[in-house]
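Undergrad: need a 3D model of the sequence below.
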Amino acid sequence: MTDSANRRIVLASRPIGAPTPDNFRLEDAPIPSPQAGEILLRSVYLSLDPYMRGRMNDAKSYADPVALDEVMVGGTVCQVIESNHANFDKGEWVLAYTGWQDYGISNGEGLIKMGMAPSHPSYALGVMGMPGFTAYMGLLDIGQPKPGDTLVVAAATGAVGSMVGQIGKLKGCRVIGVAGGEEKCRYAVKQLGFDHCIDHKDADFAEKLARVCADGIDIYYENVGGKVFDAVLPLLNTGARIPLCGLISQYNATALPDGPDRMSLLMGQLLIKRIKMQGFIIFDDYAHRYGEFAADMSTWLAEGKIHYREHLVDGLENAPQAFMGLLEGKNFGKLVVQTNHPI
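TA: Just a heads-up that it's a prediction; the model follows:
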């Protein structure tokens, strides 16, 4: 180990609207020293995910906000650099939550062992991690797909949406994706096996969605909100299910959208059509079922039934710019930062 400092990115200020580079600060801190029963971790991969935008706000939510001048939160794949813990060896890989920094200290609690030589270590942050788990449980437990159902999912080539659509196909659904741009839509159909994918940037997006959903929508996996949900709402069938895991289009909003209050319209549709709409926080609600997910997903991957794409960014220093791009839909696949090379 030749590093002389622990590079870390902290929350310098709270954003008003979309984050800017001024909201982040890259700084050097001393490399921490593990005490008895502790291990020193060095990150190799950092996951960037939309939920992090909410943690930048000083607002009540399902988790505490990041404090000013503290390290940005995030899941990481790390190697053990130094161990004073009987259950961990130097060089071992672990899934951790050390955030936007090179080094972290752990007493072992909450770490998931990955062995000494995992074949695709970064997959633990995507297809085999929180995004894949979110797709799996939201669709199967709340969406309750049945053969012949029409499933619509936005952000169709993203970390969650791409998994939702592919699992939907495995369960016999007709899958309609929504994505931004011709390239992403083409990928959803040609590589992921979706039946159709509609570009939400098209001026006639709502009309195109209605044409390919002529028999209505049985499941809408909601992770975007905004104009996509506006187009979906009138197409929902009686008994439709809406798993709700995110609203990325609204994360930078500072006020309610312009226009009339449509809450009564939404509530009326939920009532008349007996629609089930349920939000969930994946590890709060489903941590006890991770083994079920891991068994199915690892089998599907091994059999070539699931395709997975990473958008890999090199360098911790580039995490803020990559994160800001994520909120604008500039990533193509699961966004991961390689913070360091393996030891």
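
Undergrad: what's around A59, how many residues?
TA: 9 (other C-beta atoms under 10 Å). In short, each C-beta sits where N, CA and C put it, glycine included.

Undergrad: look up the pLDDT of it for me, please.
TA: If you check A59, the pLDDT there is 84.

Undergrad: which residues touch it?
TA: Neighbour list for A59: P65 [criterion: C-beta atoms under 8 Å, 6 or more residues apart in numbering].

Undergrad: same deal with Y103?
TA: By C-beta under 8 Å, 6+ apart, the contact set of Y103 is 3, 6, 31-32, 40-43, 81.

Undergrad: between these, which is nearest K190?
TA: The closest of the contacts of Y103 to K190 turns out to be S43 (C-beta to C-beta; 34.2 Å).

Undergrad: and that closest one, bridged to which residues?
TA: C78 (DSSP bridges).

Undergrad: how near is V164 to G148?
TA: 17 Å (C-beta to C-beta, to the nearest Å).

Undergrad: which one of the two has more residues nearby?
TA: V164 (34 against 10).

Undergrad: centre of the chain to stretch 282-296, how far?
TA: 15 Å (C-alpha atoms, centre = their mean, to the nearest Å).

Undergrad: sorry, slip of the keys, the one I care about is stretch 54-73.
TA: 17 Å.

Undergrad: list the buried residues for stretch 96-106?
TA: Using 16 or more other C-beta atoms under 10 Å as the test for burial, stretch 96-106 gives 96, 98-104, 106.

Undergrad: can you tell me which two in those are farthest apart?
TA: Maximum pairwise distance in these, criterion C-beta to C-beta, is 16.1 Å, between W100 and S106.

Undergrad: quick one: contacts for V44?
TA: 76-79, 93, 121-122, 338-342.

Undergrad: buried ones among the residues you listed?
TA: 76-79, 93, 121-122, 338-340.

Undergrad: and A210, that one's in a helix?
TA: Yes: assessed by DSSP: H, G, I helix; E, B strand; the rest coil, A210 belongs to a helix.

Undergrad: and the lengthiest helix in the chain, what does it pack against?
TA: Counting by DSSP state H, the longest helix found in the chain is helix 290-302. Helices and strands touching helix 290-302, by 3 or more C-beta pairs under 8 Å, 6 or more residues apart in numbering; DSSP states H and E, are helix 130-137.

Undergrad: quickly find the element holding the residue lying closest to G180 once chain neighbours are set aside.
TA: Nearest residue to G180, sequence neighbours excluded (C-beta to C-beta, 6 or more residues apart in numbering): G329, at 4.8 Å. Counting by DSSP states H and E, there is no helix or strand that carries G329.
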